[in-house]
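Undergrad: Mind folding the following:
(one chain, ligands or ions: 1)
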Amino acid sequence: MTNRSPILAANMPLKIVVLLSGEGTLLQSFINRQKEGLPIEIAAVISNRPNVGGLARAEKAEITAHEIDHKLFPDRATFEADLIKLIDQYSPDVVVLAGFMRILGELFVDHYQGRLINIHPALLPKYKGLDTHQRAIDAGDSEHGSSVHLVTSELDGGPVIAQIKLPILPEDTADTLSERTKKREHLLYPEVLRWIAEKKLTLSQGIPLCNGEPLNSPVVLEPDGEK
Ligand code: GAR
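TA: I've put the predicted structure just below:
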């Protein structure tokens with residue numbers, strides 16, 4: 001590994017701010033893995049929806065939690081300007097979208113270019129947008145999964161960094177598939193954070209580099225064999 005990420009100081013944990021909108025099981029996976037030695041510092045958790053499970057999980061883990069309800073703003077631009085102000089108080093290395101269900105505009109995305117990542121429950125470029133599990137079942141796909149990608153202003157369209165796959169079972173419903181996909185996401189997303197923290201993966205200028213080389217295709221994390 002020759003390239004050092006300019007976004008990281010030497011030997012410091014990766015400082016992240018987590019943005020979410022719901023239950024926060026991904027956040028929980030970060031908290032759990034951090035306790036096992038994942039070199040991250042969760043500086044703050046921010047939700048655009050009030051009273052969600054993710055905020056409660058943050059508070060329980062004694063992480064600073066904020067709600068910033070997008071409905072209280074006249075438009076996207078003013079919401080995002082306030083969100084940027086709040087996030088930048090923490091000077092994160094990476095802003096981590098973990099179930100943040102709000103489209104982000106160009107202003108926001110440009111501000112965090114190269115340090116904004118998202119997880120999307122589909123094998124991108126398939127099934128951008130909503131209802132990914134049902135759409136994969138309806139299409140008769142034999143496998144499904146989740147993707148971590150750099151965020152650009154195109155919805156779920158930035159360069160894909162890593163994916164994890166699972167089979168779609170004949171008896172799967174959108175709910176069971178979502179539940180099993182989430183279990184895989186809880187392995188994948190903390191692992192990607194580890195690669196960034198350990199500087200195996202750098203994201204500068206919107207191009208993911210793995211050990212200094214451009215990623216030609218997403219890294220596929222092999223699941224443990226369980227369905
Ligand atoms: C996750 O499955 C994540 O992939 C998805 O929301 C869920 C959040 O779960 N994100 C998206 O659909 C973004 N397009 P959680 O609230 O339990 O962490």
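Undergrad: what's near enough to touch the nearest residue to residue 165 once chain neighbours are set aside?
TA: Take residue 165 and drop its neighbours on the chain: the residue closest to it by C-beta to C-beta, 6 or more residues apart in numbering is residue 145, 3.9 Å away. Using the backbone N, CA and C atoms, a C-beta is placed for each residue, glycine as well. Neighbouring residues of residue 145 by C-beta atoms under 8 Å, 6 or more residues apart in numbering: 122, 123, 163, 164, 165, 166, 181, 184.
Undergrad: Mind checking which of the residues you listed land in strands?
TA: In strands, defined here by DSSP state E, the members of these are 163, 164, 165, 166.
Undergrad: nearest residue to residue 118 other than its sequence neighbours?
TA: Distance criterion C-beta to C-beta, 6+ apart; nearest residue to residue 118, sequence neighbours excluded, is residue 97 at 4.0 Å.
Undergrad: Contact partners for that neighbour?
TA: Contacts for residue 97 (C-beta under 8 Å, 6+ apart) come out as 19, 20, 116, 117, 118, 119, 151.
Undergrad: Likewise for residue 109?
TA: Residue 109 makes contacts with 116, 151, 152, 153, as judged by C-beta under 8 Å, 6+ apart.
Undergrad: Among these, the buried ones, what's the ChimeraX command?
TA: In ChimeraX syntax, the buried subset of these is picked out as below (16 or more other C-beta atoms under 10 Å):
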select :116,151,152
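Undergrad: Of the contacts of residue 97, which are in range of the ligand?
TA: Among the contacts of residue 97, proximity to the ligand is found for 20, 119 (C-beta under 6 Å from any ligand atom).
Undergrad: Can you tell me which of the contacts of residue 97 is closest to the ligand?
TA: residue 119 (4.6 Å; C-beta to the nearest ligand atom).
Undergrad: Can you classify that closest one as helix, strand or coil?
TA: Following DSSP: H, G, I helix; E, B strand; the rest coil, we place residue 119 in the strand state.
Undergrad: Specify the beta-bridge partners of it.
TA: When assigned by DSSP bridges, residue 119 has beta-bridge partners residue 148.
Undergrad: what residues does this structure put near the ligand?
TA: 20, 22-26, 54, 98-99, 119-121, 146, 182, 185.
Undergrad: Buried only: go through the residues you listed for me.
TA: Buried members of the residues of the chain next to the ligand, counted by 16+ other C-beta under 10 Å: 20, 22, 24-26, 54, 98-99, 119-121, 146, 182, 185.
Undergrad: Hmm, residue 146 and residue 126 touching each other?
TA: No: taking C-beta atoms under 8 Å as the definition, residue 126 is not a contact partner of residue 146, at 11.3 Å.
Undergrad: just the helices in the protein please.
TA: For the chain, the helices defined by DSSP state H cover 25-35, 53-60, 76-88, 106-111, 132-138, 174-197.
Undergrad: can you tell me which residue is nearest the centre of this protein?
TA: Closest to where the C-alpha atoms of the chain average out (C-alpha atoms, centre = their mean) is residue 118, at 3.3 Å.
Undergrad: Look at that residue and report its pLDDT.
TA: Predicted confidence (pLDDT) at residue 118: the value is 98.
Undergrad: Hmm, residue 149 and it touching each other?
TA: Yes: using C-beta under 8 Å, residue 118 is in contact with residue 149, at 5.9 Å.
Undergrad: In the ones in strands among the contacts of residue 145, which residue is surrounded by the most others?
TA: With neighbours defined as other C-beta atoms under 10 Å, the most crowded of these is residue 164; it has 26 neighbours.
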